[in-house]
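Participant: next come a sequence and a model predicted from it.
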Amino acid sequence: MHSSSNKPILSFWQLWNMSFGFFGIQFGFALQNANVSRIFSTLGANPDDLSLFWLAAPVTGLLVQPIIGYLSDNTWHPTWGRRRPFFFIGALLASIALFLMPNSSALWMAVVVLWLLDGAINVSMEPFRAFVGDKLGSSQQTAGFAMQTFFIGWGAVIASLLPTIFTHLGVSNLPVGGTIPDTVRYSFYSGGAIYFLAVLWTVLTAKETPPEDLDAFRADQRRGKGLVHALKEILGGFTRMPKTMVQLAAVQFFSWIALFAMWIYTTNAIGENVFGTTDAQSVAYQNAGNHVGVMFAVYSGVSALAAFVLPMFARRTSRKFVHMSCLTIGGISLFSIYAIHDLNMLFVPMIGVGIAWASILTMPYAILAGALPAKRMGYYMGVFNFFITIPQIVSGVLLGFVTKYWFAGHPIKTLMLGGVCMAVAGVLTLAVRDQADPVGH
């Protein structure tokens, strides 16, 4: 049986195998999102500088993803395929970085390892997005990205909970002598192993089909498209972006400013607003760090469940309507955290954030995949990442200034700003043209 685009309809377990690597990739991201600000603060970082230290993530994405996308589009090996060599190399490097991060004895070491970690995650992650476009016809692409979102959600749930789990197992959660607590250390060790093994599962179980005209593809390879040609292709593609991609860029910009504000500042915001401390060496601050891990686990778990519900709503309405609704819910939820001082009630807004996160990981990619040329799927998915990394860079440069001078050093207000940005992204979704919807609504 074939879909409208003449690609085989894959079974549930084939979708499972090709997406399982994202379970591991998200271990890397989730450990980073929930713990890196905590690690930097424990090693003596000034709170005003946190957003600058986080620039590693977007800058490596900006540099790495289009290049890896271009290279994977122009790679074919009879055994390894097109995307899987990049899955494997990125996973190996990321696992090494996850083992190194909690052993940082100085702030500069942790910052350097974060650059290595983010670069490696980007090498393995970008081809996973193109993988869906390669293997699935239009009728299954939303399901393919939803399966990735499912694994992203559950990977993040477990990874975010690891420090709390280790605390309950009796592992020390105290930063003795300014060092990183053992709970965080063991969490990163576990994450490094799981990252590598999950990606290896996809490498070994998912097959790739060769390019349609393999002889012509080989001829292009033999002509030796050098570095200069590659750079021209990479940069030239920006002037030929599909209109849908340009429209989605504005939505992504505000969505990811909101997410970056949340990842950087939630630990400090909850530490000050609920636990009454900004001292990273205190027991209360480390407990706040654990609680934020549980909060992040809640939004990740909700996203894993929502990943399978959202496509059903999209079929009944439209992908645009679903994305607009989810972003609006997420924005209101993130904004509301400032008014909550009860630990258990803090999980409620995380439900709304999880709904938005599920849509952010699914709907833009499903809308985009239908508007991209098949031969350049990897490249354009890499370029699309610019509209994730650029707002993160803007956040990294400006949010520290905004928090210090506009919000008098109160990070909870930065979370409120993030909520406003996410709601703005929801409104901007109305301007997007989804090619799967002939009337554009």
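Facilitator: Everything's here; your move.
Participant: from here on, contacts and neighbour counts on C-alpha atoms
Facilitator: Noted.
Participant: Ala280 sits in which helix or strand?
Facilitator: If you go by DSSP states H and E, Ala280 is not part of any helix or strand.
Participant: contact partners for it?
Facilitator: Ala280 makes contacts with Arg38, Ser41, Thr42, Gln286, as judged by C-alpha atoms under 8 Å, 6 or more residues apart in numbering.
Participant: pull out the buried positions in whichever strand or helix holds the last one.
Facilitator: Right, the one you point to is Gln286. Applying DSSP H and E as the criterion places Gln286 in helix 283-316. Of the residues in helix 283-316, 284-308, 310-311, 314 count as buried by neighbour count, 16 or more other C-alpha atoms under 10 Å.
Participant: re the thing from before, what is the nearest of the contacts of Ala280 to Ser138?
Facilitator: For Ser138, the closest of the contacts of Ala280 turns out to be Arg38, at 41.9 Å, with distances computed as C-alpha to C-alpha.
Participant: neighbour-wise, which one of the contacts of Ala280 leads?
Facilitator: The member of the contacts of Ala280 surrounded by the most neighbours (other C-alpha atoms under 10 Å) is Arg38, with 26 neighbours in all.
Participant: and that residue, what element?
Facilitator: Assessed by DSSP H and E, Arg38 sits inside helix 21-42.
Participant: for that helix, packing partners?
Facilitator: Where contact means 3 or more C-alpha pairs under 8 Å, 6 or more residues apart in numbering; DSSP states H and E, helix 21-42 is packed against helix 84-100, helix 107-135, helix 138-168, helix 182-205, helix 243-273, helix 283-316.
Participant: closest one to Tyr338 among the ones you listed?
Facilitator: For those, distance to Tyr338 was read as C-alpha to C-alpha. The smallest value, 7.6 Å, belongs to helix 243-273.
Participant: can you give me the angle that closest one makes with helix 283-316?
Facilitator: What separates the directions of helix 243-273 and helix 283-316 is an angle of 150 degrees, with axes from the mean of the first three to the mean of the last three C-alpha atoms, to 10 degrees.
Participant: tell me which residues of helix 243-273 come out buried.
Facilitator: Going by neighbour count (16+ other C-alpha under 10 Å), the buried part of helix 243-273 is 244-245, 247-273.
Participant: again, but for stretch 399-414
Facilitator: Under 16+ other C-alpha under 10 Å, the buried positions of stretch 399-414 are Leu399, Gly400, Phe401, Val402, Thr403, Gly409, His410, Pro411, Ile412, Lys413, Thr414.
Participant: check what pLDDT the nearest residue to Leu346 once chain neighbours are set aside gets.
Facilitator: Spatial nearest neighbour of Leu346, excluding adjacent residues (C-alpha to C-alpha, 6 or more residues apart in numbering): Ile340 at 6.3 Å. Predicted confidence (pLDDT) at Ile340: the value is 92.
Participant: burial count for Ile340?
Facilitator: Applying the criterion other C-alpha under 10 Å, we find 16 residues in the vicinity of Ile340.
Participant: I'd guessed it sits against Phe347; true?
Facilitator: No - taking contact to mean C-alpha atoms under 8 Å, the distance of 9.9 Å between Ile340 and Phe347 leaves them out of contact.
Participant: what stretches of the stretch 151-300 of the chain score poorly on pLDDT?
Facilitator: Judged against pLDDT under 70, the low-scoring parts of the stretch 151-300 of the chain cover residues 220-231, 233-239.
Participant: same thing but at 80, please
Facilitator: Applying pLDDT under 80 to the predicted model, the residue ranges of the stretch 151-300 of the chain that meet it are 176-178, 209-242.
Participant: what are the structural domain limits within the chain?
Facilitator: If the domains of the chain are taken from the TED database, they occupy 12-208, 233-440, with pieces of a single domain joined by a plus sign.
Participant: would a markdown table of those domains with distance to Asn6 be doable?
Facilitator: Below are those laid out as a markdown table (distance: least, C-alpha to C-alpha, whole Å):
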| stretch | distance to Asn6 |
| --- | --- |
| domain 12-208 | 7 |
| domain 233-440 | 12 |
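Participant: before we move on, back to that, Phe387 is nearest to which of the helices and strands packed on helix 21-42?
Facilitator: Taking C-alpha to C-alpha as the criterion, helix 243-273 is the member of the helices and strands packed on helix 21-42 that comes nearest to Phe387, at 5.4 Å.
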